[in-house]
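Undergrad: okay, predicted coordinates and the sequence, questions at the end:
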Amino acid sequence: MVESSEDQSYTISVADLGYSDANNDELTGLRITTLPKKGKMMVNGTLISSTVQVISVTDLVAGKLKYIPGINGNGDMYDSLKFKVRDDGLAQNEDTVSRTLTFNITEAVSYTHLTLPT
């Protein structure tokens, strides 16, 4: 679960994935298996619209994977995505089970600017 603010993108990091491997294989990337329903995912400025795209660990480390909530969207457990991590092991290189990353989006304070006649 990660925390972000309304109307702000969130950069997904390797730490957000909760990756560990019993064989000490290195993380090589991830594949999103279920896209978020309320927000959108972008990698390197391009919308992710398919669950076949693999995001490299290089792009993760460079801060290129972003979640963007819907306009004015906020709340606890506001949105989520499912993903499978990939590693450099010789056997099964992709998780057999999808993991979930949930987004808590904090409401932003909105101000109305009013001009009064003088």
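TA: Looks like it came in fine. Residues are numbered from 1 along each chain as shown.

Undergrad: surely Met42 is in a strand?
TA: Yes. Using DSSP: H, G, I helix; E, B strand; the rest coil, the assignment for Met42 is a strand.

Undergrad: which residue packs closest to it, ignoring adjacent ones?
TA: Lys66 (4.9 Å; C-beta to C-beta, 6 or more residues apart in numbering). For every residue, glycine as well, the C-beta is placed using N, CA and C.

Undergrad: so the one you found makes contact with Thr46?
TA: No. Lys66 lies out of contact with Thr46 (C-beta atoms under 8 Å); the separation is 10.5 Å.

Undergrad: neighbour-wise, which of those two wins?
TA: Between Lys66 and Thr46, counted using other C-beta atoms under 10 Å, the more crowded position is Lys66 (17 against 10).

Undergrad: helix or strand for that one, which one?
TA: strand 65-68 (DSSP states H and E).

Undergrad: please enumerate the helices of this structure.
TA: Secondary structure of the chain by DSSP state H: the helices cover 57-61.

Undergrad: picking up where we left off before, quick check: can you name the pairing partners of the strand holding Lys66 and their directions?
TA: Here strand 65-68 has these sheet partners by DSSP bridges: strand 10-11 (antiparallel), strand 40-43 (antiparallel).
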